[in-house]
Structures are given as C-alpha cells and as structure tokens.
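Undergrad: predicted structure and sequence below. I'll ask about it afterward.
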Amino acid sequence: MAQETKIRTSELPLKGALLLEAFEADDARGRFSKFFEDSLFRQLGFTVHEVFASSNKKDVVRGLHFQNPQPQARIVWCPRGRIYDVLVDIRKGSPTFKKWHGVELGGKGKALGVYVPKGFAHGFLSLEDDSYVLYLADAPWSPASEKGIIYDDPGLDIKWPKMAGRAIQSGRDAAFPAFNEKDAY
C-alpha cells in the first residue's frame, strides 16, 4: 500500500491561518521531508515568488513584520532547531482582528509549518541555537512597504516563552513601535 505523502492542513484560531504538517519519512539514513506541494499551494492561491532562509541563535526575536502596502502571504517552516512562531491578525473588519496565535515549529517529531495570510504580522523567537527558518513569500519583499510591531507590545500581550537572557534583535526590529491601527489593512 502506498504511503500518503500529502502536506496536511488544519485551521488555526485566526481566520485564514493554517497549521501545516509536512510529509516525513524516517529510516536508517535519517529523515526525508516534503515542504512544497503545488496542489496545496494552488488551493491556497499561493504562488511562490521568493524564498528566504535565516539561521538564528537562541533568544533571537525576528519581527513582528508585515508589508503595507504590497502585503505578502507567507509559508514558514523550521526544518532544523525550534522556534516559537507568532501570527497577529491586523486586518480591520476581521473577526480575529488584533488577536495573536503562537505555535512551536521544529524539534523532534512532526515537521510543522504555518500559512500566514496577507494582512498578518509575523515573527518568531528562536528556542535553540542554529534554528533554521524557511520563508516562502507570494509577493516580492518591498523594503519601502515593510513595517513592524515591537515583539513585546503590551497592547497585544503576546505570551512569549521565557528567554535565557534578553531578546537578541536587529536595531530595526528593536525600534519598531507598538501596533497602531493606522497601519492595519
């Protein structure tokens, strides 16, 4: 009997966001994983335009990033290491506006990813050294459109896992303001 090789999806509590479970096969050689599936991406209306990767030390926080105008949907995987991935719905009129959801990606066990729809802010905390993150984007990165929200915005009250020390951030990310509804979609 043939083994099911589809990427499975399940809804997250934020409207339109999905948890993705990659197909994986383990044997004496190691692990084999599937992170791209044309039929699923077509179903989502997601055409891969760019792919980015980052390698992250423990306690690195990236984000919360979004583009407005020229929003991007993203698919995010952590094939090595572990991250706490956070999505924030910043779409005015959405039933989950200003709500957030966090999920651990990577580590032993299931290879999980997330589908981040357009109109969301996204960021993550690296839970261990050398966490490798793949970002697939459906639109080009636009430095002129990129915006951000400080990761510890008290108005959003995101419950991040405890860090060993202070968050390691880029100067740009550390200077992001709290969420302002004028930046919403």
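TA: Received, thanks.
Undergrad: so which residues of the chain form helices?
TA: 38-43, 171-174 (DSSP state H).
Undergrad: where among those helices is average confidence lowest?
TA: Lowest mean pLDDT within these: helix 38-43, a mean of 89.
Undergrad: OK, contacts around the residue sitting nearest the centre point of the chain?
TA: With distances taken as Cα atoms, centre = their mean, the chain has Val76 as the residue nearest its mean C-alpha position (4.7 Å). Neighbouring residues of Val76 by Cβ atoms under 8 Å, 6 or more residues apart in numbering: 85, 105, 113-114, 116, 122, 124, 133-136. Every C-beta, even on glycine, is put in place using the N, C-alpha and C of the backbone.
Undergrad: equivalent analysis for Ile7, please.
TA: Ile7 touches 20-23, 34-35, 37, 40, counting by Cβ under 8 Å, 6+ apart.
Undergrad: who wins for most neighbours among those?
TA: Leu20 (21 neighbours; other Cβ atoms under 10 Å).
Undergrad: double-check that residue against Leu12; I have them as touching.
TA: No: with contact defined as Cβ atoms under 8 Å, Leu20 does not reach Leu12; the gap is 10.2 Å.
Undergrad: what is the burial count for the closest residue to Glu181 other than its chain neighbours?
TA: Leaving aside its sequence neighbours, Glu181 sits nearest to Lys92 (Cβ to Cβ, 6 or more residues apart in numbering; 7.2 Å). Lys92 has 11 neighbours, counted by other Cβ under 10 Å.
Undergrad: next, find the distance separating Lys92 from Val61.
TA: 26 Å (Cβ to Cβ, to the nearest Å).
Undergrad: and what of Leu105?
TA: 15 Å.
Undergrad: just Asp38 next, same as before
TA: 33 Å.
Undergrad: and for Ala178?
TA: The spacing between Ala178 and Val61, counted by Cβ to Cβ, is 15 Å.
Undergrad: the two: who's more crowded?
TA: Val61 (25 against 11).
Undergrad: ok, that one touching Tyr151?
TA: Yes: counting by Cβ under 8 Å, Tyr151 is a contact partner of Val61 at 4.9 Å.
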